[in-house]
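Novice: Everything below, folded, please.
(chains A and B)
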Amino acid sequence: MNRLAFLLCLLPLSAQADPFRLTLPDTASVTAQEASPATDYTLLTGRWTEQGGAATRLEGARDDRSWRLRGDHQTTLQLLAPLRAQIEAAGYTPIYECNTDDCGGFDFRYALKLLPEPQMHVDLGDFRYFAARNGTEWLALTVSRSSESGFVQLTALSQRDVTTAPAPEPTAPPPPTAAPEASDFTVRLEATGAVALDDLVFDSGATTLDARDYASLRGVADYLATRPKARIALVGHTDSIGTLDANIAVSRKRAEAVLARLVAAYGLRAEQLRAEGAGWLAPRATNLTTEGQDRNRRVEAVLLPDAG
Amino acid sequence: MTDLFAVVDGTWPAATRIHAGGFCIRQGQGGGSRVSSASLVVPLDQADLDTAIAAHRAMGQQPRFMIRPEDTALDAALEARGYELYDPVVVYQAEIGDLPDTAPPMAAIPHWPPLAIAQDIWAQGDIGPARLAIMHRAAGAKTAMLGRVDDRAAGVAFVALHQDTAMLHALYVPPDFRRLGLAQAIMAASVNWAAAQGAKRFALVVTRANEGARALYERIGLHPVSRYHYRREVAQ
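Specialist: As a prediction, the model looks like this:
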């Protein structure tokens, strides 16, 4: 049996066991993902008018993921069609599909509650939306583009009773019993020791942090505020261009900007935080492409031993 | 290894360069920031920004500074003065043997000085007399590379050598001829020409925002090896 046939045999099984996963072209890169085990979500199911839009309020586990397709010149319909086909092939029934002004334009787009720019970009003059349902599983797909890139976001909501704690992921260790809530950030921080704060936006080439609300900083703030003895080091990283000394200085300044924001805007105590710079010493991607360099420029939250 | 910033200066030269306040100040006569900005040549604590700014004004230029990766302190000092950041640029390079050098026959033709048709195509991309003057000033081996589609001139680039590094500038393909593989053919013919001139490395600079071009360069095997941006006085 050849390898492709083997994969095809496995696919239906994994589709049953896991939440729905979109397969995008190789040129797509994931720009952001967020997950909440228990939340609410208003899924739009019709055109937005002055009276508001048709929508269904859902409660359960929400998973958001966005992709960017660089150097892609397909229209939004060309981007949408193969993804829509995958969703329908997985057993979902379409609920609603619309294009830009037919969706309700500006108001519709802002009712979508998408991941922030630049991770997810929506051109208000060119976007498409597709919603589908399979029993208690709901999907909302938004597609748009810039002059150079396509952008895709999939929001998946699994309806669940939100009063009981979700079962822990089989691969992740069970959250400690003392944890007030096992948020995605908490699970990742305690399981792997460090979490990259990938939604932070620094002004290009500079060390000042763009003024906005960041989900990752809320994760840090929730973690430390509920654990007075816990401590986190913020560690800046750079790509490999330039001298080590200059890069360590820049990466530390970025980490210091994050620390200052956590104290000033999220009310954390500075004693629970420290800022360090690793320069280009710990890449997590190749430095041979600008995309890899982009991934290497980051600030990570590193969990330290509790204060005595 | 040859300093890539020296390669930029050697293959895309300013009209004049003077030293003032610890900076090299370029006078470009309207040829764009690359030839009209100042770069630091001494440690910042021995330099004098005010002297450099005055020298810019004496040349009739808006004060502009090039910020290379090692210039973090200068970047902060200019930011503190309210100078705005613009045009982040990525520098790409590869060993010449690592790049494709085979283009379809007659897909791109090296020649110097540039034919009128090459100048016409450049003019469509706002590469006018000031930038042609820069090309004429380049002192090393140099060529215009005229790309063709269906027996028609359809795109053009400039390539010049500084020591053993060739640098490509002013690549322009008009919108009607894009997505036909022409830029790739011009690149391959340029690599071929540069190798014949004895170049060991091939390099170019591209604005960070030009994602389409950067994707092409990375696909054929060029790697981002440095970057810079500019800061300028904000117009009142």
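
Novice: List the residues that contact A:Q272.
Specialist: Contact partners of A:Q272, counting by C-beta atoms under 8 Å, 6 or more residues apart in numbering or on different chains, are A:L224, A:P228, A:A230, A:R231, A:I232, A:A307. For glycine as for every other residue, the C-beta is placed from the backbone atoms N, C-alpha and C.

Novice: hang on, isn't the third one packed against A:Y223?
Specialist: To tie it back to what came earlier, the one meant is A:A230. Yes. Between A:A230 and A:Y223 there is a contact at 6.7 Å, judged by C-beta atoms under 8 Å.

Novice: Who has more neighbours out of those two?
Specialist: When neighbours are counted by other C-beta atoms under 10 Å in any protein chain shown, A:Y223 comes out ahead of the other of A:A230 and A:Y223, with 24 against 17.

Novice: continuing past the helix or strand encompassing the more buried one, what's the next helix or strand?
Specialist: Per DSSP states H and E: A:Y223 is located in helix A:215-225. Where DSSP H and E defines the elements, the next helix or strand beyond helix A:215-225 is strand A:231-237.

Novice: what's that next one in contact with?
Specialist: If you take C-beta under 8 Å, 6+ apart as the criterion, strand A:231-237 is touched by A:189, A:194, A:197, A:220, A:223-224, A:250-255, A:258-259, A:262, A:271-280, A:282-284, A:296-307.

Novice: Using PDB, write out every CA atom in that strand.
Specialist: Output in PDB follows, covering the C-alpha atoms of strand A:231-237 (Å, rounded to 0.1, in the frame of the first residue of the first chain):
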ATOM      1  CA  ARG A 231       7.500  34.800  39.200                       C
ATOM      2  CA  ILE A 232       8.000  35.200  35.400                       C
ATOM      3  CA  ALA A 233      11.100  36.300  33.500                       C
ATOM      4  CA  LEU A 234      10.300  38.100  30.200                       C
ATOM      5  CA  VAL A 235      13.100  37.200  27.800                       C
ATOM      6  CA  GLY A 236      13.600  39.100  24.500                       C
ATOM      7  CA  HIS A 237      14.900  37.300  21.400                       C
END
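
Novice: what bridges to the nearest residue to A:T290 once chain neighbours are set aside?
Specialist: Nearest residue to A:T290, sequence neighbours excluded (C-beta to C-beta, 6 or more residues apart in numbering or on different chains): B:P224, at 5.1 Å. Legend: beta-bridge partners of B:P224 under DSSP bridges are B:Y92.

Novice: B:P224 - how many residues pack around it?
Specialist: Count around B:P224 with other C-beta under 10 Å applied: 24.

Novice: Check B:A76 too.
Specialist: Using other C-beta under 10 Å, B:A76 is surrounded by 17 other residues.

Novice: what do you get for A:R297?
Specialist: For A:R297, the tally of surrounding residues (other C-beta under 10 Å) stands at 18.

Novice: Phi, psi for it please.
Specialist: According to degrees, to the nearest 10, the main-chain angles of A:R297 amount to phi -80, psi 110.

Novice: got it, and B:W112?
Specialist: With angles defined as degrees, to the nearest 10, B:W112 shows backbone torsions of phi -150, psi 140.

Novice: Which pLDDT value goes with it?
Specialist: As summarised for this prediction, B:W112 has a pLDDT of 97.

Novice: Over to A:G104?
Specialist: In this prediction A:G104 is given a pLDDT of 84.

Novice: hang on, the earlier thing: out of the contacts of strand A:231-237, list just those in strands.
Specialist: With strands taken from DSSP state E, the overlap with the contacts of strand A:231-237 comprises A:194, A:273-277, A:298-304.

Novice: Report how many residues lie close to the residue of chain A found nearest chain B.
Specialist: The nearest approach of chain A to chain B comes at A:G242, 3.0 Å away (C-beta to the nearest C-beta). If you count neighbours by other C-beta under 10 Å, A:G242 ends up with 19.

Novice: quick one: secondary structure of the closest residue to chain A within chain B?
Specialist: Across chain B, the shortest distance to chain A (C-beta to the nearest C-beta) belongs to B:P69, at 3.0 Å. Local secondary structure at B:P69 is given as coil here, using DSSP: H, G, I helix; E, B strand; the rest coil.

Novice: just the one 4 residues further on next, same as before
Specialist: Secondary structure, three-state DSSP: B:A73 is helix.

Novice: what's around it, how many residues?
Specialist: When neighbours are defined as other C-beta under 10 Å, B:A73 has 15 of them.

Novice: how close does the spatially closest residue to it that is not a sequence neighbour sit to B:F23?
Specialist: Nearest-residue entry for B:A73: B:L44, 4.8 Å, with adjacent residues in sequence omitted and distances by C-beta to C-beta, 6+ apart. When distances are taken as C-beta to C-beta, to the nearest Å, B:L44 and B:F23 turn out to be 10 Å apart.

Novice: Looking at those two, which is more packed in?
Specialist: Remark: of B:L44 and B:F23, B:F23 carries more neighbours, 25 against 15, as counted by other C-beta under 10 Å.

Novice: so where's chain A shaky on pLDDT?
Specialist: A:1-19, A:164-182, A:203-206, A:308 (pLDDT under 70).

Novice: what ranges do the strands span in it?
Specialist: Along chain A, counting by DSSP E, strands occupy A:28-49, A:52-69, A:93-99, A:127-134, A:137-145, A:150-159, A:194-196, A:231-237, A:273-277, A:298-304.

Novice: hmm, the first one touching chain B?
Specialist: No. Among the residues of strand A:28-49, none lie within reach of chain B under C-beta under 8 Å from any C-beta of the partner chain; the closest is 12.0 Å away.

Novice: Could you figure out how far that strand is turned away from strand A:127-134?
Specialist: On the basis of axes from the mean of the first three to the mean of the last three C-alpha atoms, to 10 degrees, strand A:28-49 is oriented at 90 degrees to strand A:127-134.

Novice: which bits of chain B sit near chain A?
Specialist: Going by C-beta under 8 Å from any C-beta, the residues of chain B near chain A are B:67, B:69-70, B:72, B:75-76, B:79, B:85, B:88, B:90, B:179, B:208, B:211-212, B:214-216, B:218, B:223-227, B:229.

Novice: Buried among the residues you listed? Make that a PyMOL selection.
Specialist: Restricted to buried positions by 16 or more other C-beta atoms under 10 Å in any protein chain shown, the PyMOL selection for the residues of chain B next to chain A reads:
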select buried, chain B and resi 67+69+72+75+76+79+85+90+208+211+212+214+215+216+218+223+224+225+226+227+229
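
Novice: Where is the longest helix in chain B?
Specialist: Here the longest helix in chain B is taken by residue count, with DSSP state H as the criterion, and it is helix B:182-196.

Novice: Contact residues of the stretch 1-150 of chain A facing chain B?
Specialist: Residues of the stretch 1-150 of chain A found near chain B (C-beta under 8 Å from any C-beta) are A:R70, A:G71, A:H73, A:E148, A:S149.
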